[in-house]
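Trainee: Here is my input, please return the structure:
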Amino acid sequence: MLNKLDNLSSQTRIIIAVALALAFFIPYGYFFPSHENNTTSPSTNTKQIVTPASNTPNIQNPNEALVKNTSDTKEQIIATIKANNFEFEIDRLGRISQSYLKTPKEEVSSHKFSLFAEDIANPNNPKPLEIRFSDNILNQKAFSTPYNASSKEIILKDSPQTLTLTQDLGDFKIEKIITFNSNGSYEVSINLPNNYQYFISPGMRPKVENDSYVFKGVIIKEQDGTISTIEDGEATKQENFNNSAILASVDRYYTTLLFSKNNDLNSVILNNPSEDPMPFISANAPIKLYGYIGPKDYRLLESIYAPLSDVVEYGIITFFAKPLFLLLDYLYNLCGNWGWAIILLTFIVRVVLYPLTYKGMVSMQKLKDLAPKMKELQQKYKGEPQKLQAHMMELYKKHGANPMGGCLPLLLQMPVFFAIYRVLYNAIELKGAEWLLWIDDLSVMDPYFVLPILMGITMYLQQHLTPTTFSDPMQEKIFKFLPLIFTIFFVTFPSGLVLYWFVNNIFSILQQLIINKSLERKKAKEIAEHKHIKE
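Mentor: Model (predicted):
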C-alpha cells in the first residue's frame, strides 16, 4: 500500500485530495453545520465578559431583573402601522410584537407572512423596542403597566409618520417617539429621566427559516468595523460590546436591528435557557436610535444606511462573497434574470482564469506524453522512493512539465464555488428567482433533478477529454466514479449553485477541445519539422 502511495504523482494526489474534500466536507457541512460564522477571535476582539453576581444595578453588571419578563397579562395590540410591504403591531408593553411582510416573495396564499413566532420554551425572549430595568421592582412595575398610544392605526404612504407611546410608572413617565418609514425603517427617541439604568432590545431574530446550515443569531458591528457574531445555541455567558454601531438579530433572510450613526451603542448580549443570544442596548439617559425590521435586501439596507449592508453576512468567506454578490447583482441589472446572471458570472470567472487554465491543461498533456517514461522510472527505481523522486523531478524539468500545474485552476475555483454557495444560500434577492421553464427558485434544489444530472454528465465528458496520468488502476476507478458521487451530493444543493457548476463544466469542455486542437496542431508541426530536418 505504501508503495502505491509513493508511486502517485503530486498532481493526482492533490486532485484526489480536493475531490474527497468536496465529497466529504460539503455534505458534512450541510447536514452537520459548523460554526465558522463566528468571526470573533481573541487576538482581534477582546470583550469584557461580566457574569451577573450582584443586586447593585450598574451598566456593566445588570441583575437578574433584566432577564425576567414578569408580565402574565394576555398580549393586547394598542396600535397598528400599515404600509404597502409590511404591517407592524404594537402591544400594550410598547413593543413591536409582530411584523407581517406583504411583498411577492413572502406572500403565501391569503395568509399573512409573520416574522416572529412565539418561543414556548423561552417565553421571556425580548421583542423589538422592549425596555427592561436593572431594578427588579421597577422592572416588575414596567411589565404590569400598559402603554398608551397617540394613534391606534397609522397608514404609511410616501411620507414618514410618527407614533408616540407613553407609560406612567408613577415616579416618572417613559416616552417612546417612533417615526416610521415606508421601507420598514424607523427612528425612535426614548425619553425618561437620567440615572435610571435601562435596556432596550432590537428583539430576538425572526423565526422564519429552519435551515440548519445558515447562520442564525446576533451580529454586532463595532466602532472599528469589526463584525462579531453569536450564533443560536452558543451564547453561554454575558458579553459586552462598548461603542458598537449596529446590533442585529438575523436568520437566513430577515433581520430586526437597531443602529446608531454615532457608533455609541453599549450592546449587551445575554442568553436564554436555550443559550440563544438575547440582545440589548444599555443606557441611563434619553437615547435616540434607528431601527429596521424586514428582509436582508442588500440594496435596501444600503439605501437606509450604508453600513447596514454588513448585516448580509456570509461567514469567514464574506470578504470574497460580498464583492462576488455585487458583481452578480450588476450582471442581473444588465440581463434582468438571476439565472442568466449566474451564467455570465461563470463566463467571467472562466475568462479570468483562462491563462492559468491553459497552462494547467498544457502541463497535464505533457504529463500524459511523459507517462511511458514515468512508468519506466517507477519500475527501475521500485522500492527506492528518494531516487525515484529525484529522477522524476529531472524528467519534469527536462520537458518543461509541472506536476502541480493541472491542479492550480481547480484550486482557484474553490473560493468561487464556496462564495457562490454562500451567496445563493443567504441572498434574499435570489429567493423565488426563476430561470427557464422548470426552475422557479434558484435558492432551492432543482425539483426535477435536471441540473444535477446534466452536471454529472458534463463532468463525465470533461474527465474523458482531460489528459490524465494514472498509474494505479484503483485510483483511476475512484476518479471515474466522481461524477456519480458529485451528482448525488449536488441533488440537494440550490439549483443556482448547480447551474454554476454545470455551466462551468461546459466552458471547461469547450476550453479543453480548443486546447486539445491547438496542442495537436503544435505536435503535428513539431513532427513535420523533425521529419524535415532528418530529410
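
Trainee: Ramachandran coordinates for the residue nearest in space to the middle of the chain?
Mentor: With distances taken as C-alpha atoms, centre = their mean, Tyr314 lies nearest the centre of the chain, 2.8 Å away. Dihedral pair for Tyr314: phi -110, psi 20, per degrees, to the nearest 10.

Trainee: just checking, it touches Leu424?
Mentor: No: between Tyr314 and Leu424 there is no contact under C-beta atoms under 8 Å: 10.4 Å. Placement of C-beta: from N, CA and C, glycine included.

Trainee: residues contacting the residue nearest to Gly184 when sequence neighbours are not counted?
Mentor: Spatial nearest neighbour of Gly184, chain neighbours left out: Gly294 (3.7 Å); criterion: C-beta to C-beta, 6 or more residues apart in numbering. When contacts are counted by C-beta atoms under 8 Å, 6 or more residues apart in numbering, Gly294 touches Asn85, Phe86, Ser99, Leu101, Leu115, Asn183, Gly184, Tyr254, Thr255, Leu300.

Trainee: let's go with 10 Å and repeat that
Mentor: Neighbour list for Gly294: 85-86, 99, 101, 103, 106, 115, 183-185, 206, 253-257, 300-301, 304, 428 [criterion: C-beta atoms under 10 Å, 6 or more residues apart in numbering].

Trainee: Tell me which of these fall in strands.
Mentor: Taking DSSP state E as the definition of strands, the contacts of Gly294 contribute Phe86, Ser99, Leu101, Ser185, Tyr254, Thr255, Thr256, Leu257.

Trainee: hang on, the earlier thing: for the helix or strand encompassing the residue nearest to Gly184, list every residue counted as buried.
Mentor: Here Gly294, judged by DSSP states H and E, is contained in strand 287-295. By 16 or more other C-beta atoms under 10 Å, the buried positions in strand 287-295 come out as Ile287, Leu289, Tyr290, Gly291, Tyr292, Ile293, Gly294, Pro295.

Trainee: Adjacent strands (with direction) for that strand?
Mentor: strand 185-191 (antiparallel), strand 254-259 (antiparallel) (DSSP bridges).

Trainee: So for Pro123, which of these sits nearest?
Mentor: strand 254-259 (18.3 Å; C-beta to C-beta).

Trainee: Check which helices and strands whichever helix or strand comes after that closest one is in contact with.
Mentor: Next in sequence after strand 254-259, counting helices and strands by DSSP H and E, comes strand 265-271. Contacts defined by 3 or more C-beta pairs under 10 Å, 6 or more residues apart in numbering; DSSP states H and E place strand 265-271 against strand 198-200, strand 217-222, strand 227-231, strand 239-250, strand 254-259, strand 277-283, strand 287-295.

Trainee: any idea how far the last one is from the chain center?
Mentor: Think strand 287-295. Strand 287-295 sits 22 Å away from the centroid of its parent chain (C-alpha atoms, centre = their mean, to the nearest Å).

Trainee: Report the angle between it and strand 239-250.
Mentor: 40 degrees (axes from the mean of the first three to the mean of the last three C-alpha atoms, to 10 degrees).

Trainee: neighbours around Asn516, how many?
Mentor: Per other C-beta atoms under 10 Å, the neighbour tally for Asn516 reads 15.

Trainee: Can you tell me how far it is from Leu257?
Mentor: 54 Å (C-beta to C-beta, to the nearest Å).

Trainee: in the protein, which spans are helices?
Mentor: Ranges of helices in the chain, per DSSP state H, are 2-7, 10-31, 136-142, 298-304, 318-335, 338-369, 371-380, 385-399, 408-426, 450-465, 473-490, 495-534.

Trainee: weakest of those by average pLDDT?
Mentor: Ranked by mean pLDDT, the helices of the chain bottom out at helix 2-7, with a mean of 40.

Trainee: Show me whatever sits in contact with both of Tyr314 and Leu424.
Mentor: Ala321, Phe325.

Trainee: Show me the shaky parts of the stretch 1-150 of the chain.
Mentor: Counting by pLDDT under 70, the stretch 1-150 of the chain has low-confidence residues at 1-75, 104-111.

Trainee: Please verify my assumption that Phe116 contacts Met204.
Mentor: Yes: counting by C-beta atoms under 10 Å, Met204 is a contact partner of Phe116 at 7.6 Å.

Trainee: who touches both of those two?
Mentor: In contact with both Phe116 and Met204: Asn125, Lys127, Pro128, Thr256, using C-beta under 10 Å, 6+ apart.

Trainee: can you count the residues close to the closest residue to the second one other than its chain neighbours?
Mentor: Beyond its immediate neighbours in the sequence, the residue positioned closest to Lys127 (C-beta to C-beta, 6+ apart) is Arg95, lying 4.1 Å away. Neighbouring residues of Arg95 were enumerated by other C-beta under 10 Å; the total is 22.

Trainee: repeat for Ile509
Mentor: The local packing of Ile509 (other C-beta under 10 Å) involves 17 other residues.

Trainee: and what of Phe133?
Mentor: The number of residues packed near Phe133 is 23, by other C-beta under 10 Å.

Trainee: Hmm, Thr145 and it touching each other?
Mentor: No: counting by C-beta under 10 Å, Phe133 does not reach Thr145; the two are 12.0 Å apart.

Trainee: Next, show the common contact partners of these two.
Mentor: Leu169.

Trainee: ok, back up a step: for the helices of the chain, which one sits closest to Asp91?
Mentor: Using C-beta to C-beta, the nearest of these to Asp91 is helix 136-142, at 13.5 Å.

Trainee: Now the closest one - C-alpha only, CSV.
Mentor: Listed next in CSV are the C-alpha coordinates belonging to helix 136-142 (Å, rounded to 0.1, in the frame of the first residue of the first chain):
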residue,chain,number,x,y,z
ASN,A,136,-36.2,44.4,39.9
ILE,A,137,-39.1,46.3,41.5
LEU,A,138,-39.1,48.9,38.7
ASN,A,139,-38.9,46.2,36.1
GLN,A,140,-41.9,44.4,37.5
LYS,A,141,-43.9,47.6,37.5
ALA,A,142,-42.9,48.4,33.9
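
Trainee: Could you list every helix and strand in contact with it?
Mentor: The contact analysis (3+ C-beta pairs under 10 Å, 6+ apart) places helix 136-142 against strand 131-133, strand 198-200.

Trainee: Report the buried residues of it.
Mentor: Asn136, Leu138, Asn139, Gln140, Lys141, Ala142.

Trainee: got it, and stretch 184-203?
Mentor: Quick answer for stretch 184-203 (16+ other C-beta under 10 Å): 184-186, 188, 190-192, 196-203.

Trainee: What pLDDT is listed against Lys237?
Mentor: 91.

Trainee: Quick check: it touching Asn271?
Mentor: Yes: using C-beta under 10 Å, Lys237 and Asn271 qualify as a contacting pair, with a distance of 6.9 Å.

Trainee: Give me the more crowded residue out of those two.
Mentor: Asn271 (18 against 12).

Trainee: What about the residue lying closest to the more buried one once chain neighbours are set aside, how many residues nearby?
Mentor: With sequence-adjacent residues excluded and distances taken as C-beta to C-beta, 6+ apart, Asn271 is closest to Ala235, at 3.7 Å. Neighbourhood size, Ala235 [other C-beta under 10 Å]: 21.
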